[in-house]
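Q: Predicted model and sequence follow; I will ask about them next.
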Number of protein chains: 2
Amino acid sequence: MAVTKAQLDLYQQRAADYLSRAGIVLTPAERQHIEIADLGLGEFERTGLALVVYINTERVCAKELVLLPGQTCPEHLHPPVNGQPGKEETFRCRSGVVYLYVSGEPTPNPKATPPGGWGTKYTVAHEIVLHPGEQYTIYPETWHWFQGGPDGAVVSEFSTRSTDEYDLFHDTAIRRAPVVID
Amino acid sequence: MAVTKAQLDLYQQRAADYLSRAGIVLTPAERQHIEIADLGLGEFERTGLALVVYINTERVCAKELVLLPGQTCPEHLHPPVNGQPGKEETFRCRSGVVYLYVSGEPTPNPKATPPGGWGTKYTVAHEIVLHPGEQYTIYPETWHWFQGGPDGAVVSEFSTRSTDEYDLFHDTAIRRAPVVID
């Protein structure tokens, strides 16, 4: 359950193409280190996302997220860490469409279907659809998941410090740290 | 010393054009409310900047800044506010070039000249030149100022909460809140 070097190269190139088409310029080092997060599930094109972390200090984090068409970042929440409130994050759609689901009144006939269907791994169904220029803020301890639309999506994330290793997922098979076989 | 309605419309249109050319999509409401900060000096094309504030919560702020060619955001710092450390901000250049000056070893032959020249209003001269994709983080209580290059610049700012009204400027004529004559 890991990403091979050949897959890593391919997925990084695809993410770089999405970012470039959205007008986002990366340094050569950022391009080389685009993170391919398959979450240990071994089905990156279905479940996972690509990330460029611009900055992650004690107080502030900013990233670009790239979702392939129909690709899903699975349901999770950001708990308090070391006595600090959990991570707060704003998602701003830059290109494509992103379907975001959070705690709250379930939306009838949601546009996205979770990988494997609704159930214990995907439980929240209050839908927010973000087109380019639209954004939504997720406050701490809110379960959420999101999926790229038919043409994928590029999403900017503005947040407090990112501590991915503390994120809580329903799917116990998920491993947040990337694993790459050279 | 204020921006007339006609100037506001013109400067907003120019900022919108810069953002659009950088591939940045705004909602109609954001486009309508682009902030034209002339800092009360009445010389916007020389001293000031345009801003789109995406989000400014208790913990996180994100903005786009637009600088016209040679336009300067004057020297200031972000002090502690209400017992919290001062604002921390990362500037990421999206298009054009920005010349940034911070406390530290003065750079010989800096590329930008401050409006009115060096002196009591512009004192820090450690130069950082940011091209698209390049970024720099300014930690609290660091004096800094910046100027758009020959083609202007679009800069993303990722920061802690913005409390502009507490910013300290050397130039006592500066008023941070915008003044518009209808």
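A: Thanks, I have it.
Q: Let me know how buried the closest residue to chain B within chain A is, in neighbour terms.
A: Residue of chain A nearest chain B, by C-beta to the nearest C-beta: residue A:23 (1.9 Å). (C-beta placed from N, C-alpha, C; glycine too.) For residue A:23, the count of nearby residues is 19 (other C-beta atoms under 10 Å in any protein chain shown).
Q: same check, this time on the one 10 residues further on
A: Using other C-beta under 10 Å as the criterion, residue A:33 is surrounded by 13 other residues.
Q: So in chain A, which strand runs the longest?
A: Identified as the longest strand of chain A according to DSSP state E is strand A:144-159.
Q: Mind giving me the packing neighbours of that one?
A: Applying 3 or more C-beta pairs under 8 Å, 6 or more residues apart in numbering or on different chains; DSSP states H and E, we find strand A:144-159 packed against helix A:5-21, strand A:61-67, strand A:72-77, strand A:89-102, strand B:61-67.
Q: Name the residues that touch the following helix or strand past that strand?
A: Note on strand A:144-159: by DSSP states H and E, the next helix or strand toward the C-terminus is strand A:168-169. Strand A:168-169 is contacted by residues A:39, A:74-79, A:176 when judged by C-beta atoms under 8 Å, 6 or more residues apart in numbering or on different chains.
Q: can you pick the most crowded of those residues?
A: residue A:78 (25 neighbours).
Q: Quick one: closest of the helices and strands packed on strand A:144-159 to residue B:18.
A: Proximity to residue B:18 (C-beta to C-beta) singles out strand B:61-67 among the helices and strands packed on strand A:144-159, at 4.8 Å.
Q: quick one: low-confidence parts of chain A?
A: Scanning chain A for pLDDT under 70 picks out A:1, A:177-182.
Q: Enumerate the residues of it near chain B.
A: Proximity of chain A to chain B (C-beta under 8 Å from any C-beta of the partner chain) is limited to residues A:22-27, A:30, A:54-55, A:57, A:59-62, A:85, A:88-90, A:92, A:94-95, A:132-135, A:137, A:156, A:158-160.
Q: still on that earlier bit, out of the contacts of strand A:168-169, what pair is the most spread apart?
A: A:39 and A:79 (17.5 Å).
Q: which non-adjacent residue is nearest residue A:50?
A: Closest residue in space to residue A:50, ignoring its immediate chain neighbours: residue A:15 at 3.6 Å, by C-beta to C-beta, 6 or more residues apart in numbering or on different chains.
Q: How about residue A:24?
A: residue A:64 (6.1 Å).
Q: same check, this time on residue A:91
A: residue A:155 (5.2 Å).
Q: what's the residue nearest to residue A:50 in contact with, if anything?
A: With C-beta under 8 Å, 6+ apart, residue A:15 has these contacts: A:34, A:36, A:50, A:52, A:66.
Q: Report the two of the residues you listed separated the most.
A: The largest separation in those, counting by C-beta to C-beta, is between A:36 and A:52 at 11.0 Å.
Q: Counting neighbours, what do you get for residue A:173?
A: Residue A:173: 12 surrounding residues under other C-beta under 10 Å.
Q: where's it relative to residue A:116, distance?
A: 11 Å (C-beta to C-beta, to the nearest Å).
Q: next one: residue A:150
A: Distance, residue A:150 to residue A:116, by C-beta to C-beta: 20 Å.
Q: So what's the residue count around residue A:82?
A: Around residue A:82 there are 6 residues (other C-beta under 10 Å).
Q: Identify the bridge partners of the residue lying closest to residue A:162 once chain neighbours are set aside.
A: Among residues not flanking residue A:162 along the chain, residue A:61 sits closest, at 4.3 Å (C-beta to C-beta, 6+ apart). Note on residue A:61: beta-bridge partners by DSSP bridges are residue A:56, residue A:159.
Q: what sits against residue A:61?
A: A:53, A:55, A:87, A:157-162, B:158.
Q: do the same with residue A:162
A: Residue A:162 sits next to A:53, A:56, A:61, A:63, A:87 when contact means C-beta under 8 Å, 6+ apart.
Q: isn't there a helix covering the last one?
A: What it means is residue A:87. No: secondary structure of residue A:87 (DSSP: H, G, I helix; E, B strand; the rest coil): coil, not part of a helix.
Q: Skip the chain neighbours and tell me the closest residue to it.
A: Nearest to residue A:87 is residue A:78, by C-beta to C-beta, 6+ apart, at 3.7 Å.
Q: for the first one, same thing?
A: Counting by C-beta to C-beta, 6+ apart, residue A:63 is the residue found nearest to residue A:53 once chain neighbours are left out, at 5.0 Å.
Q: Surely that neighbour and residue A:157 touch.
A: Yes: with contact defined as C-beta atoms under 8 Å, residue A:63 reaches residue A:157; the gap is 4.5 Å.
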